[in-house]
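>>> I'd like to go over a predicted model; first the sequence, then the structure.
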Amino acid sequence: MGGVCCRPQPVDFDGEVNLFHFVLLRCVGKGAFGKVRVVQHKQTRELYALKYINKPKCVKMKAVPNIIQERRLLEEIDHPFIVNLRYAFQDDENCFFVLDLMLGGDLRFHLERLGSLSEEVVRFYVAQLSSALAFLHENKIMHRDLKPDNILLDERGNAHLTDFNIAVHFSDRKLTGVAGSMAYMAPEILTKRGYTYCIDWWSLGVCAYELIFGRRPFRGRSNSDLTYSIAKDPLKYPEDVEKRCSRAGLQVLRGLLERDTTKRFGCKPNGEGYQELRRHPWFKSIDWDTLESKEQTPPFVPDNKKANFDASHELEELLLEDNPLKAKTRKANQDNLSAEMQQMEVQ
Ligand SMILES: Nc1ncnc2c1ncn2[C@@H]1O[C@H](COP(=O)(O)OP(=O)(O)OP(=O)(O)O)[C@@H](O)[C@H]1O
């Protein structure tokens, strides 16, 4: 009799996708509302990253519209340098996003470990991320939170943009809502002049500068100091700049970190800014035609023998998790759910 309890449930692969379709593997990260773990699709054997978002926590932190927005935007897009959404579903407790798996770690992790990256490596990431930004802008989406933490490497070393939590659709009207991570925000966001997709090119400039020099271009002890620095301080470089970055590289940094949006690199409408950037001499070594098919060998290959993420998440799951993730059949009676939880149901 005892054996009956533990027999695995038969999985219906023809029905809607749910957690029963996946084998749950190791934990690789922790976000604001849940965790991220590696999963394998039981039928296709493909590996993915499963991001799970605890619904009550999300309601408590008033983040329901952001999660819905993130899912809606991700469902619209598919690009080689974006962490794409492959499936989305939910149970009574969590929303699940099944995403492209990135086993190479995020660029914050590598920056902290290495101090800085070589110009050649950064050029490669800037090229790949420019391609992702041009695609998003063409689809009238601005990301608004480009920073090293949101750039993930696959196991071969290709860069991918993730975290569409505060991404939005845009039209010709300028936006004014302050959103993003302050150190990477363009001056026109902070000075409340109204902004467009051009802010993402500025953030790319801040990331590229930080990756090459190991520190950010604009700093401040308080938010108002930082705002002042972003809006007014001249762009300076470390003393050993010549050892770290070529003249062409500095030109691109300066072009992206241009306060005048009519002159900022990447910003010309209808993808013209992106085409201009591609033609810049700094990208001479990049073969743009094969970049998107990932045929080029990335100049930095993450060490696949070491975990390229904080291993404490896995340990925490083992030692501290009192409610470990498990596939469950849905029980929720829609009528008993709060308004916010109902909102999450309607997808
Ligand atoms: N597709 C993925 N593949 C591999 N690891 C990932 C993937 N997405 C996220 N991670 C890991 O999980 C960590 C948490 O990611 P997640 O996007 O949930 O958190 P977050 O950046 O705090 O975003 P949010 O604000 O949406 O919670 C990341 O730092 C990264 O190390």
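That came through fine.
>>> For the host helix or strand of Glu210, name the packing helices and strands.
Following DSSP states H and E, one finds Glu210 within helix 198-213. Packing partners of helix 198-213 (3 or more Cβ pairs under 8 Å, 6 or more residues apart in numbering; DSSP states H and E): helix 107-114, helix 119-138, helix 187-190, helix 241-244, helix 247-256. From N, CA and C alone the C-beta is placed, and that goes for glycine too.
>>> Helix, strand, or coil at the closest residue to the ligand within the chain?
For the chain and the ligand, the shortest gap (Cβ to the nearest ligand atom) falls at Gly29, measuring 1.9 Å. Assigned with DSSP: H, G, I helix; E, B strand; the rest coil, Gly29 falls in the strand class.
>>> Surely it is in contact with Val36?
Yes. Between Gly29 and Val36 a contact is recorded at 4.0 Å, counting by Cβ atoms under 8 Å.
>>> For the stretch 1-150 of the chain, what lies in contact range of the ligand?
Contacts of the stretch 1-150 of the chain with the ligand, taken as Cβ under 6 Å from any ligand atom, map to 28-33, 36, 49, 51, 83, 99-102, 106.
>>> just the strands in the stretch 151-300 of the chain please.
151-153, 159-161, 168-169 (DSSP state E, counting those that start in this stretch).
>>> Any chance of JSON lines for the ones you listed, columns distance to the ligand?
Converted to JSON lines, the strands of the stretch 151-300 of the chain look like this (distance: least, Cβ to the nearest ligand atom, whole Å):
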{"stretch": "strand 151-153", "distance to the ligand": "6"}
{"stretch": "strand 159-161", "distance to the ligand": "8"}
{"stretch": "strand 168-169", "distance to the ligand": "15"}
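>>> With mean pLDDT and mean neighbour count added, can I get these in a markdown table?
Output for these, formatted as a markdown table (pLDDT from 0 to 100; neighbours: other Cβ atoms under 10 Å):
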| stretch | mean pLDDT | mean neighbour count |
| --- | --- | --- |
| strand 151-153 | 97 | 26 |
| strand 159-161 | 98 | 25 |
| strand 168-169 | 94 | 14 |
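>>> Present the ones you listed as a markdown table; the columns should include distance to Gln90.
Shown next, in a markdown table, are these (distance: least, Cβ to Cβ, whole Å):
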| stretch | distance to Gln90 |
| --- | --- |
| strand 151-153 | 24 |
| strand 159-161 | 24 |
| strand 168-169 | 23 |
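>>> Figure out which of those is closest to Leu291.
Smallest distance to Leu291 across the strands of the stretch 151-300 of the chain (Cβ to Cβ): 10.9 Å, for strand 159-161.
>>> Wait, Leu99 touches Ile82, no?
No. Counting by Cβ under 8 Å, Leu99 stays clear of Ile82, with 9.8 Å between them.
>>> quick one: pLDDT of the nearest residue to Tyr228 once chain neighbours are set aside?
The spatial neighbour of Tyr228 that comes closest, neighbours along the chain excluded (Cβ to Cβ, 6 or more residues apart in numbering), is Gly220 at 6.6 Å. pLDDT for Gly220: 96.
>>> Now do the contacts for Gly220.
For Gly220, the contacting residues are 226-229, by Cβ atoms under 8 Å, 6 or more residues apart in numbering.
>>> Need the contact partners of the host helix or strand of Phe89.
Phe89 is part of strand 85-90 when elements are defined by DSSP H and E. The contact list for strand 85-90 (Cβ under 8 Å, 6+ apart) reads 16-19, 48, 55, 71, 74-75, 95-100, 344-345, 347.
>>> change it to 6 Å
Applying Cβ atoms under 6 Å, 6 or more residues apart in numbering, the external contacts of strand 85-90 come out as 17-18, 71, 74, 96-99.
>>> Pass me the low-pLDDT residue ranges in the stretch 51-200 of the chain, would you?
Counting by pLDDT under 70, the stretch 51-200 of the chain shows no low-confidence range.
>>> re earlier: relative to Asp303, tell me which of the helices and strands packed on helix 198-213 wins on proximity.
From the helices and strands packed on helix 198-213, taking Cβ to Cβ, the stretch that ends up closest is helix 107-114, at 10.2 Å.
>>> Give me the contacts around that closest one.
Outside of helix 107-114, the residues within contact range by Cβ under 6 Å, 6+ apart are 148-149, 151.
>>> Run the angle between it and helix 119-138 for me.
Using axes from the mean of the first three to the mean of the last three Cα atoms, to 10 degrees, the inter-axis angle of helix 107-114 relative to helix 119-138 is 170 degrees.
>>> Report the buried residues of helix 107-114.
Residues 107, 109-111 are the ones in helix 107-114 that count as buried (16 or more other Cβ atoms under 10 Å).
>>> go on, stretch 118-131?
For stretch 118-131, the neighbour count (16+ other Cβ under 10 Å) marks 119, 121-131 as buried.
>>> do stretch 212-228 as well
Buried-residue list, stretch 212-228, by 16+ other Cβ under 10 Å: 212-213, 216-218, 226-227.
>>> And stretch 231-249, end to end?
Start-to-end span of stretch 231-249 (Cα to Cα, to the nearest Å) is 22 Å.
>>> got the buried residues for that stretch?
The neighbour-count check on stretch 231-249 (16+ other Cβ under 10 Å) flags 237, 244-245, 249 as buried.
>>> what does it rub up against?
Counting by Cβ under 6 Å, 6+ apart, 119, 187, 191, 212-213, 217-218, 257, 281-282 sit against stretch 231-249.
>>> follow-up on the earlier one: and the residue nearest to Tyr228, its phi and psi?
phi -170, psi 150 (degrees, to the nearest 10).
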